[in-house]
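A.B. asks: next comes the sequence, and after it the predicted model I'd like to discuss.
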Amino acid sequence: MGHDHGHDHSHGANKKALLISFIITTVYMIIEAIGGFLTNSLALLSDAGHMLSDSVSLGVGVLAFIMGEKAANYSKTYGYKRFEILAALFNGVTLVLISLYIFYEAYKRFIEPPEVASIGMLIIGIIGLIVNIVVAWMLMRGDTEHNLNLRAAFLHVLGDLLGSIGAIVASLLIMFFNWGWADPLASVIVAVLVLISGWRVAKESVHVLMEGTPKDIDFEEIAETIQSTGEIKDIHDLHVWSITSDQNALSCHAVVIQNLTIEECQSLLKRIEDDLREKGIGHITIQLESSDHPHDNSILCNDNKNDHHDHSH
């Protein structure tokens, strides 16, 4: 019960941080886009483009928290918690696409640098930096370590923060040295950061959607924990996956030694569940079997036709 209360509390704090960040980012993104057009600065426009993806990502993130609160039903037995991972995947892909577009625009500007109103660019860059520091600080107070959705949003804002620094440096170089290429160069640096963070978030999201083993879980250690109890001879069909950020599940078949009473089986399950919870697994399903129950000896599940054929003999 204590864990649930803690989880609910951090969930509420995360949602609030995202909502306020969404409002601040959206308002500033509109200012920066207008400023980018007026000053003709690609660094500002690329940062505004990145902020647009931030704004969308934060908005989708808030929506994911709201959707995730919807109760489980017969059609969605885990509830809507996976929506958060879909939101993170959407963010990751958006970031990658935006970065590719910035590269393309910067390439054109390197060949033919346009005139840039550097003072306007500097002022907007400084305001942008302050806004991004405030938003990043708010998101950092949430659970960015375990919540993939919040981490995706935080990476977006961090990229923005660096984008604002890039715009400030570029505007100073244009003002003092008349280096027109500093503007597209600043936007390329932003694009590289955007590409890296987008790729990382997308890759992690796909891993969760593919039911991959959570990265903070040691599969062999989990198998060893279950098998280390004296009553279990061996295990098979072991699966460990994430339902959503920081919510891990496990299912497996365990072959027990003969002549265990129902009470002994219950006590065995309770012991294993307690051990696994300490290792970060909340949803646990273990099917106990006797050794004469037909099964595949592999620890992993190999659901091919031959296995089923062999079982039927």
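C.D. replies: Arrived safely.
A.B. asks: okay, CA-based contacts and neighbour counts for the rest of this
C.D. replies: Will do.
A.B. asks: so what's the gap between stretch 247-260 and the chain middle?
C.D. replies: For stretch 247-260, the separation from the chain centroid amounts to 30 Å (computed by Cα atoms, centre = their mean, to the nearest Å).
A.B. asks: hey, C-alpha coordinates of it in PDB?
C.D. replies: In PDB, the C-alpha atoms belonging to stretch 247-260 read as follows (Å, rounded to 0.1, in the frame of the first residue of the first chain):
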ATOM      1  CA  GLN A 247       6.200  -1.200 -13.800                       C
ATOM      2  CA  ASN A 248       7.700  -4.600 -14.500                       C
ATOM      3  CA  ALA A 249       6.000  -8.000 -14.900                       C
ATOM      4  CA  LEU A 250       7.100 -11.600 -14.800                       C
ATOM      5  CA  SER A 251       5.500 -14.900 -15.700                       C
ATOM      6  CA  CYS A 252       7.000 -18.400 -15.700                       C
ATOM      7  CA  HIS A 253       6.400 -22.100 -15.100                       C
ATOM      8  CA  ALA A 254       8.200 -23.700 -12.100                       C
ATOM      9  CA  VAL A 255       8.700 -27.500 -11.600                       C
ATOM     10  CA  VAL A 256       8.500 -28.300  -7.900                       C
ATOM     11  CA  ILE A 257       9.700 -31.400  -6.100                       C
ATOM     12  CA  GLN A 258       7.000 -34.100  -5.500                       C
ATOM     13  CA  ASN A 259       4.600 -34.200  -2.600                       C
ATOM     14  CA  LEU A 260       4.300 -30.500  -1.700                       C
END
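A.B. asks: ok, residues contacting it?
C.D. replies: By Cα atoms under 8 Å, 6 or more residues apart in numbering, the surrounding residues in contact with stretch 247-260 are 214, 231-243, 280-291.
A.B. asks: rerun at 6 Å
C.D. replies: Residues outside stretch 247-260 that contact it (Cα atoms under 6 Å, 6 or more residues apart in numbering): 231-242, 281-291.
A.B. asks: repeat for stretch 29-48
C.D. replies: So stretch 29-48 is contacted by 51, 116-117, 163, 167, 183, 186-187 (Cα under 6 Å, 6+ apart).
A.B. asks: one step back: from the contacts of stretch 247-260, which ones fall inside strands?
C.D. replies: If you go by DSSP state E, the contacts of stretch 247-260 have 232-242, 283-290 in strands.
A.B. asks: filter those down to the buried ones.
C.D. replies: The neighbour count (16 or more other Cα atoms under 10 Å) marks 232-242, 283-284, 286, 288-289 as buried among the ones in strands among the contacts of stretch 247-260.
A.B. asks: with respect to Ala17, which of these is nearest?
C.D. replies: Ser242 (23.8 Å; Cα to Cα).
A.B. asks: how much space separates the closest one from His207?
C.D. replies: Ser242 sits 9 Å away from His207, going by Cα to Cα, to the nearest Å.
A.B. asks: what of Ile243?
C.D. replies: Between Ile243 and His207 the computed distance is 11 Å (Cα to Cα).
A.B. asks: those two - which one has more neighbours?
C.D. replies: Neighbour count, other Cα atoms under 10 Å: between Ile243 and His207, Ile243 has more, with 21 against 17.
A.B. asks: any chance you could map the strands in the protein?
C.D. replies: Counting by DSSP E, the strands of the chain are 232-244, 247-256, 283-290.
A.B. asks: could you identify the longest helix within the protein?
C.D. replies: helix 2-39 (DSSP state H).
A.B. asks: which two in the buried ones among the ones in strands among the contacts of stretch 247-260 are spaced the farthest apart?
C.D. replies: Maximum pairwise distance among those (Cα to Cα): 26.9 Å, between Lys233 and Ser242.
A.B. asks: from the middle of its chain, how far away would stretch 115-125 be?
C.D. replies: Centre-to-centre, stretch 115-125 and its host chain are 34 Å apart (Cα atoms, centre = their mean).
A.B. asks: give me the contacts around it.
C.D. replies: 39-41, 164, 167-168, 171, 175.
A.B. asks: count of residues packed around Asp216?
C.D. replies: Quick note: Asp216 (other Cα under 10 Å) scores 10 neighbours.
A.B. asks: any idea how far it is from Ser242?
C.D. replies: In terms of Cα to Cα, Asp216 sits 11 Å off from Ser242.
A.B. asks: hey, what's in contact with both of the two?
C.D. replies: By Cα under 6 Å, 6+ apart, no residue touches both Asp216 and Ser242.
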